[in-house]
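Novice: just a sequence and a predicted model for now, questions to come.
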Amino acid sequence: MENKNFKTWLENMQLNHPLVIAGPCSAESEKQVLEVAHELKNTDATIFRAGVWKPRTRPGTFEGNGVKALPWLQKVKEETGMLTAIEIANANHAKLAIEFDIDILWIGARTTVNPFAVQEIADAIQGTDKIVLVKNPINPDLALWIGAIERFHKMGVTNLGAIHRGFSSFRKSKYRNIPSWQIPIDLKAKYPTLPIINDPSHICGNREGIFEISQTALDLKFEGLMIETHCNPDEAWSDAAQQIKPNRLVEIMDELKVRKPRFEKEDSLSKLDALRKEINAKDDQLLETLSERMQIVASIGKAKKESNVAVLQNTRWQEILNSMIEKGEEHGLSKIFIEKMFKAIHQESISHQEKIING
């Protein structure tokens, strides 16, 4: 899937900073929308975002002003010159957004998980030149994310981009949605011309972590940021904790560093090449060690088969995991990393033993 239209549009903007999409979580009133927009006009924000339809987890909470709010966004464009962006969740939303000349339509995480809903929206807007941004699904499923993007491309929507807003997890974390950076990295590797916008507000769930996540996204060469901004965040009708004031947005953008895409000096390139060769050697050693470990696992599998013993020895597994977490932290490795790595190794070990015992 080649997608250069949105990428070209970004390049033609000739911004001296990453693309910034900013605005309140919800369009609460015309006064509030215009107040935030006029404040953002004097920042790096190019696109004004506001939630018109709010897909809430439980009924009875504020679910947006709906179509009533669309003329407010038209006024934003007229009075500030900013482009406008809203979330759409069904075909009717899509048609109304186009009718009111909304510039950017984004597909929310809850909608991305539903191929039927995505297809209905794609059918409704096929061939549009509007920019369509697809948020990652709630669950960490790259194929599902790609599938939603491809559905739009198949219907002739070529101004496509992705929004990385993190993934839900049962594991306790400092994040509202775990970033799982490798997933958008894999998306970028598969579709290099597809711009990715990072949404630090939904990843953090609080305003304190927005700078850190934004910097990481820029370090990974994401093309832009979507940051929820409100003139009175603590009084916001939804997601108050993760919204920042426009003046804080200015501070964040001033503090962020945009890295060079590559080394420029020959001596730096030589040094980097040498370090990469060291990494390659260590990776080869890792593979050899893992192969040797699996040979031992195979011997254990044979012993279990001879004695008719179950593959999973949970007490032993928990002892190994706890020990590795402790040793890993002593070596400066995070608990999350050690857990993921050794759970993957454990699963591979179980698969090896299953083949032996049932073979």
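Specialist: Arrived safely, thanks for sending.

Novice: would you confirm that I163 contacts I131?
Specialist: No - contact criterion Cβ atoms under 8 Å: I163 and I131 do not qualify, at 11.3 Å. Yep, even glycine has a C-beta here, placed from its N, CA and C like the rest.

Novice: neighbour count for the two, which is higher?
Specialist: More crowded of I163 and I131, by other Cβ atoms under 10 Å: I163, with 26 against 23.

Novice: separation between that one and N5?
Specialist: Distance, I163 to N5, using Cβ to Cβ, to the nearest Å: 17 Å.

Novice: same question, W106
Specialist: Per Cβ to Cβ, W106 is found 16 Å from N5.

Novice: for the lowest-mean-pLDDT helix or strand in the chain, packing partners?
Specialist: Counting by mean pLDDT, DSSP states H and E, the chain has its least confident helix or strand at helix 5-13, which shows a mean of 84. Other elements packing on helix 5-13 under the criterion 3 or more Cβ pairs under 8 Å, 6 or more residues apart in numbering; DSSP states H and E are strand 160-164.

Novice: paired strands for the strand it packs on, with orientation please.
Specialist: Using DSSP bridges, the strands paired with strand 160-164 in its sheet are strand 131-135 (parallel), strand 196-198 (parallel).

Novice: give me the buried positions along whichever helix or strand comes after the first one.
Specialist: Scanning forward in sequence from strand 131-135, with DSSP states H and E defining helices and strands, the next element found is helix 142-154. Buried residues in helix 142-154, counting neighbours by 16 or more other Cβ atoms under 10 Å, are found at 142, 144-153.

Novice: stretch 336-349 too?
Specialist: The neighbour-count check on stretch 336-349 (16+ other Cβ under 10 Å) flags 338, 342, 345, 349 as buried.

Novice: do a quick rundown of the helices in the stretch 151-300 of the chain.
Specialist: 182-190, 200-204, 210-219, 246-255, 266-307 (DSSP state H, counting those that start in this stretch).

Novice: now mean neighbour count too, for the ones you listed, in JSON lines please.
Specialist: Below are those laid out as JSON lines (neighbours: other Cβ atoms under 10 Å):
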{"stretch": "helix 182-190", "mean neighbour count": "15"}
{"stretch": "helix 200-204", "mean neighbour count": "26"}
{"stretch": "helix 210-219", "mean neighbour count": "19"}
{"stretch": "helix 246-255", "mean neighbour count": "16"}
{"stretch": "helix 266-307", "mean neighbour count": "11"}
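
Novice: V33 is nearest to which of the ones you listed?
Specialist: Among the helices of the stretch 151-300 of the chain, the nearest to V33 by Cβ to Cβ is helix 246-255 (13.2 Å).

Novice: state the mean pLDDT of that closest one.
Specialist: Taken as a whole, helix 246-255 has a mean pLDDT of 96.

Novice: now do it against helix 210-219, angle only.
Specialist: Relative orientation of helix 246-255 versus helix 210-219 (axes from the mean of the first three to the mean of the last three Cα atoms, to 10 degrees): 40 degrees.

Novice: show residues contacting helix 246-255.
Specialist: Contact with helix 246-255 is made by 17, 20, 22, 36, 39-40, 42-45, 207, 210-211, 214, 227, 229, 231, 244, as judged by Cβ atoms under 8 Å, 6 or more residues apart in numbering.

Novice: that older thread, so can I have TSV of the buried residues of helix 142-154 showing pLDDT and distance to L220?
Specialist: Below are the buried residues of helix 142-154 laid out as TSV (pLDDT from 0 to 100; distance: Cβ to Cβ, whole Å):
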residue	pLDDT	distance to L220
L142	97	15
L144	97	21
W145	98	16
I146	97	18
G147	97	23
A148	97	21
I149	97	18
E150	96	23
R151	97	26
F152	96	24
H153	95	23
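
Novice: is it true that I345 touches R293?
Specialist: Yes - between I345 and R293 there is a contact under Cβ under 8 Å: 7.4 Å.

Novice: low-confidence ranges, the stretch 251-359 of the chain, go.
Specialist: For the stretch 251-359 of the chain, applying pLDDT under 70 flags the ranges 263, 267.

Novice: follow-up on the earlier one: nearest to W237, out of the helices of the stretch 151-300 of the chain?
Specialist: Comparing those by Cβ to Cβ, helix 200-204 comes nearest, at 15.1 Å.

Novice: which elements pack onto that closest one?
Specialist: On a contact count with 3+ Cβ pairs under 8 Å, 6+ apart, helix 200-204 meets helix 210-219, strand 224-228.

Novice: in its sheet, what does the last one sit against?
Specialist: Strand 224-228 has the following strand partners under DSSP bridges: strand 19-23 (parallel), strand 196-198 (parallel).

Novice: list the buried ones in the host helix or strand of E79?
Specialist: Element membership for E79 (DSSP H and E) is helix 70-80. Of all the residues in helix 70-80, those buried under the rule 16+ other Cβ under 10 Å are 70, 72-73, 76-77, 80.

Novice: over to stretch 20-30?
Specialist: Residues of stretch 20-30 classed as buried by neighbour count (16+ other Cβ under 10 Å): 20-28, 30.
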